[in-house]
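S.K.: 3D, please:
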Amino acid sequence: MGFRYLYVLLLCLFSEGLLRGVHGGFACNWGTRATHPLPPTIVVKLLKDNGFSKVKLFEADPGALEALGNSGIQNVSNYISKYGVDIRYIAVGNEPFLKTYKDTFLKTTFPALQNIQAALIKAGLGRQVKVTVPLNADVYQTDTGLPSGGNFRSDIHSFVLSIIKFLSDNGGALTINIYPFLSLQADPDFPKEYAFFDNGAKPVVDGSISYTNVLDANFDTCIAALEKNGFPSLPVIVGEIGWPTDGDPNANVEDARRFNQGLLGRIVAGQGTPKRSTPPDIYIFGLIDEDAKSVQPGNFERHWGVFNYDGSLKYFLDMGNGKAMVAAKGVQYLARQWCIMSPTASTSDPNLAGSINYACSYADCTSLGYGSSCGMLDARSNASYAFNMYYQTKDQRKDACQFSNLSITTNVDPSPTSSGQNTTCRFEIMIDLSKHQKAPRRPPSSVAAGLSEHSSQTVVMALLVLVLLSTLII
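M.R.: Predicted coordinates:
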């Protein structure tokens, strides 16, 4: 999803632990916008256990980068000099030409891309490290309603072509984000079956080609646009694609499992699209739920993960070769206790509404929305859910379960067990971050510390940071 800032995107590759078999491993997006993030070392083990050989990071989280470095994964940071980790791609911005952004990033994205490429060349890494710009699929369109009519939007045509030519000249790749779920959200008449991969939709016939799903049609619309403008062979990466499990009636476990299972099946089979038989790199969005993400696009934004926030399984997925997806191991939790509405409190208490609003202002209550996993709770359970999310977010502090004499703590799990929609409603217990904390590392005694090896890589990291900061203040 788009962010309102430019950033250095990290495309990382595992050098060991690849899934063996008919494909070279899966790829995913690892976001870290969480109040109680899963420890990075556990995440890296989770990736390996499930055959993920590539991962994309959205920010230079030190813990994530160190864990990836120790695992032989490419990344962009000062950790590259210490761990000798390679770099694969650097991207500037994320969906900078979204229609909703208007002209905000038109004049900054291309100069930032040029500056970063120049820094890579100066450091002697121009061949090793490639650049890209992740674009939303709304940068191209078709006037005919068919993929073959694809072209880039007229209002940004020259800007996009400048970037594409630059990527082509420097051996880079175009990255596009494709979201069938958002297509469904945006258009009430969108044929839902067309979002999935099991041939349940009426085909869209484009000459000799029949399209039965959005991914193929959308991707080939981009390819047609590239072909029309003289770049028929430019590599294209699918940077984000997935389906959320909560926060909206269309965001549910059943549809998410169906979508992601179909997507994984394509990856395992090495399936391309009608216009490009070679399969592109596809980065599933996302790995883990993020309870601190912005919900401006919708409450579903915090529920894209194929795993829950703690790495536990949301649903069964066949990862190929008869191997099922497995949960994270070694996660340490806070005490087995919850904050709920007191049995002696009344739902007519004048302080109740304000207490719920306060709790949900500082904790994630997106599962309480209409059509969401906990949307059918009664008034008392609704309050209990809000109180508990605040209590857990605040690490179960004693004063975090004091809502105007409306709440108490309990050792009995209040998660609903009745049949129906509520079966996926969970009253969480958060990760105990104190049990996963590591002793702080001693910083280098001088700026020059550690520069005797991989000095060019260290220089380029410093340059990239400077480039990033300069683009932000243009």
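
S.K.: Tell me which stretches of the stretch 201-350 of the chain form helices.
M.R.: Counting by DSSP state H, counting those that start in this stretch, one finds helices in the stretch 201-350 of the chain at the ranges 214-228, 253-269.

S.K.: Deepest in the core, which of those helices is it.
M.R.: Greatest average neighbour count among the helices of the stretch 201-350 of the chain goes to helix 214-228 (a mean of 23), per mean count of other CB atoms under 10 Å. (Glycine included, C-beta is placed from N, CA and C.)

S.K.: Please compute how far that helix lies from its chain's middle.
M.R.: Per CA atoms, centre = their mean, to the nearest Å, the displacement of helix 214-228 from the mean C-alpha position of its chain is 23 Å.

S.K.: What mean pLDDT does that helix get?
M.R.: Mean pLDDT, computed over helix 214-228, is 98.

S.K.: now it against helix 253-269, angle please.
M.R.: 50 degrees (axes from the mean of the first three to the mean of the last three CA atoms, to 10 degrees).

S.K.: Just the CA trace of helix 214-228, in PDB.
M.R.: Output for helix 214-228, consisting of C-alpha atoms alone and laid out as PDB, is shown next (Å, rounded to 0.1, in the frame of the first residue of the first chain):
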ATOM      1  CA  VAL A 214      -7.300 -10.100 -12.300                       C
ATOM      2  CA  LEU A 215      -3.600 -10.900 -11.800                       C
ATOM      3  CA  ASP A 216      -3.100 -12.100 -15.400                       C
ATOM      4  CA  ALA A 217      -5.200  -9.300 -16.900                       C
ATOM      5  CA  ASN A 218      -3.700  -6.600 -14.800                       C
ATOM      6  CA  PHE A 219      -0.100  -7.700 -15.300                       C
ATOM      7  CA  ASP A 220      -0.600  -8.100 -19.100                       C
ATOM      8  CA  THR A 221      -2.100  -4.600 -19.300                       C
ATOM      9  CA  CYS A 222       1.200  -3.400 -17.900                       C
ATOM     10  CA  ILE A 223       3.100  -5.500 -20.400                       C
ATOM     11  CA  ALA A 224       1.000  -4.100 -23.200                       C
ATOM     12  CA  ALA A 225       1.800  -0.500 -22.000                       C
ATOM     13  CA  LEU A 226       5.500  -1.300 -21.900                       C
ATOM     14  CA  GLU A 227       5.300  -2.800 -25.400                       C
ATOM     15  CA  LYS A 228       3.500   0.200 -26.800                       C
END
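
S.K.: Which strands and helices lie in contact with it?
M.R.: Contact here means 3 or more CB pairs under 8 Å, 6 or more residues apart in numbering; DSSP states H and E; on that basis helix 214-228 packs against strand 140-142, strand 150-152, strand 174-177, helix 180-186, strand 209-211, strand 236-241.

S.K.: Could you give the number of residues near L125?
M.R.: If you count neighbours by other CB atoms under 10 Å, L125 ends up with 18.

S.K.: any idea how far it is from V253?
M.R.: According to CB to CB, to the nearest Å, L125 stands 43 Å off from V253.

S.K.: go on, A225?
M.R.: Taking CB to CB as the criterion, A225 is separated from V253 by 35 Å.

S.K.: what's around G69, how many residues?
M.R.: Every residue meeting other CB under 10 Å relative to G69 is counted, giving 21.

S.K.: So for the strand or helix carrying it, what gets flagged as buried?
M.R.: G69 is part of helix 62-70, with elements assigned from DSSP states H and E. Neighbour counts using 16 or more other CB atoms under 10 Å place A64, L65, E66, A67, L68, G69 of helix 62-70 among the buried residues.

S.K.: Quick one: list the elements packing against that helix.
M.R.: Secondary-structure packing of helix 62-70 (3+ CB pairs under 8 Å, 6+ apart): helix 40-49, strand 52-57, helix 79-83.

S.K.: Pick the most deeply packed of the ones you listed.
M.R.: Greatest burial across the helices and strands packed on helix 62-70, using mean count of other CB under 10 Å, falls to strand 52-57, with a mean of 24.

S.K.: the inter-axis angle of it versus helix 62-70?
M.R.: The directions of strand 52-57 and helix 62-70 differ by 150 degrees, with the same axes, to 10 degrees as the criterion.

S.K.: Show me what strand 52-57 is packed up against.
M.R.: In terms of contacts (3+ CB pairs under 8 Å, 6+ apart), strand 52-57 is packed against strand 8-13, strand 26-30, helix 62-70.

S.K.: Within the sheet, what are the partner strands of it, with directions?
M.R.: Paired strands of strand 52-57, with direction, are strand 8-13 (antiparallel), strand 26-30 (parallel) (DSSP bridges).

S.K.: By mean pLDDT, show me the worst of the ones you listed.
M.R.: Across the strands paired with strand 52-57, strand 8-13 has the smallest mean pLDDT, namely a mean of 56.

S.K.: coming back round to it: in TSV: the helices and strands packed on helix 214-228, plus mean neighbour count, mean pLDDT and distance to A91.
M.R.: Written out in TSV, the entries for the helices and strands packed on helix 214-228 read as follows (neighbours: other CB atoms under 10 Å; pLDDT from 0 to 100; distance: least, CB to CB, whole Å):
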stretch	mean neighbour count	mean pLDDT	distance to A91
strand 140-142	19	96	18
strand 150-152	21	98	18
strand 174-177	24	96	6
helix 180-186	19	95	20
strand 209-211	17	97	28
strand 236-241	24	96	8
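
S.K.: What's the per-residue pLDDT of Q421 here?
M.R.: Reported pLDDT at Q421 in the predicted model: 44.

S.K.: One more: the one 3 residues further on?
M.R.: Among the per-residue scores, T424 shows a pLDDT of 86.

S.K.: how many neighbours does the nearest residue to it once chain neighbours are set aside have?
M.R.: For T424, ignoring the flanking residues on the chain, the nearest one in space by CB to CB, 6 or more residues apart in numbering is S373 at 4.4 Å. Residues contacting S373 under the criterion other CB under 10 Å number 24.

S.K.: Could you confirm S373 falls within a helix?
M.R.: No. Secondary structure assignment (DSSP: H, G, I helix; E, B strand; the rest coil) places S373 in coil, not in a helix.
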